[in-house]
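>>> Have a look at this fold, sequence not included:
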């Protein structure tokens, strides 16, 4: 993958995407987002990759929002197109078909916070700071923040963050449910790798269908969500991996997944 603004490394079954604009705190300009979109498409199609980690280069930022110089010149019509493009890319990551772990190593603001929220699991370093400060620029979150943030932390906490532009430390982000785990900065990537590898060692189809079932049923009435679950449970029962997993359990050995 030839990229100017991203670093992509694949080791065993885990891919690491590093946003690589540290001089501008990994701000999300149009070129970076285009590269991210293409990279996600490639990783989605790569059956050898079973988990993805997203992080930022340097120690200061995961991604400190949009590129303000670009944003200053955006008109009303251009703004809607830009928001729709960002939403589409982040939704692609959210529904990648394999888990994405956001390793939040510093500031995750605006679009950076929205990117983290589109991940499956969020791990933050103790130095991380998260926020949606768009109101300070006369804007609202445009890459999914007004929708994902309330779903993660509830309306009240989401309104407080968005309407004040408050930037919260990692401990507060953990308390309200914006991140799932906080670790010392020196341990962030080690923990993210361990988690990604643990998930990558599970049955790939089961992992994919578990994520899909949650997304499909999250906003449905319970009975409709349960129907989604039952259908996907049935799908898994017809796979070679289910046969292998149950056989390996009974034979007291490690399973050998075939993703079939």
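Okay, I see it. What you see is a predicted model; the values in this text were computed from it and never measured.

>>> is it true that residue 67 touches residue 31?
No. With contact defined as Cβ atoms under 8 Å, residue 67 and residue 31 do not form a contacting pair (9.2 Å). (Each C-beta comes from the backbone N, C-alpha and C, glycine too.)

>>> For the stretch 101-250 of the chain, which segments count as strands?
In the stretch 101-250 of the chain, the segments counted as strands under DSSP state E, counting those that start in this stretch are 107-109, 121-125, 129-131, 167-169, 181-183.

>>> and the third one, which strands flank it?
The pairing partners recorded for strand 129-131 under DSSP bridges are strand 107-109 (parallel), strand 167-169 (antiparallel).

>>> And the last one, what's buried?
Applying a neighbour-count criterion of 16 or more other Cβ atoms under 10 Å, the buried positions in strand 167-169 are 167, 168.

>>> what's the offset of that strand from the middle of its chain?
19 Å (Cα atoms, centre = their mean, to the nearest Å).

>>> Please apply the same query to stretch 214-231.
On Cα atoms, centre = their mean, the centre of stretch 214-231 falls 21 Å from that of its chain.

>>> per-domain residue ranges of the protein.
Using automatic domain parsing, the domain parsing of the chain gives 6-200, 204-250.

>>> Out of the ones you listed, which is closest to residue 259?
Closest of the domains of the chain to residue 259 is domain 204-250, at 4.5 Å (criterion: Cβ to Cβ).

>>> where does this structure have low pLDDT?
For the chain, applying pLDDT under 70 flags the ranges 1.

>>> Repeat the analysis, applying 80 as the threshold.
1-2, 66-67, 69 (pLDDT under 80).

>>> show me what contacts the closest residue to residue 196 other than its chain neighbours?
In space, and not counting its chain neighbours, residue 196 is closest to residue 51: 4.0 Å by Cβ to Cβ, 6 or more residues apart in numbering. Contacts for residue 51 were tallied using Cβ atoms under 8 Å, 6 or more residues apart in numbering; they are 13, 14, 15, 98, 99, 100, 101, 196, 197, 199, 200.

>>> Go again with 10 Å.
12-16, 43, 96, 98-101, 120-121, 192-193, 195-202, 204, 207 (Cβ atoms under 10 Å, 6 or more residues apart in numbering).

>>> Please apply the same query to residue 13.
With Cβ under 10 Å, 6+ apart, residue 13 has these contacts: 46-51, 98, 196-197, 199-201, 204.

>>> Closest one to residue 218 out of those residues, please.
Nearest to residue 218 among the contacts of residue 13, with distances taken as Cβ to Cβ, is residue 98, at 18.4 Å.

>>> Would you agree the closest one is in contact with residue 53?
No. Residue 98 is beyond contact range of residue 53, at 11.3 Å (criterion: Cβ atoms under 10 Å).

>>> For the two, list the residues in contact with both.
Common neighbours of residue 98 and residue 53 (Cβ under 10 Å, 6+ apart) are 14, 15, 196.

>>> Is the second one within a helix or a strand, and which one?
Pointing back at residue 15 there. If you go by DSSP states H and E, residue 15 is part of strand 14-19.
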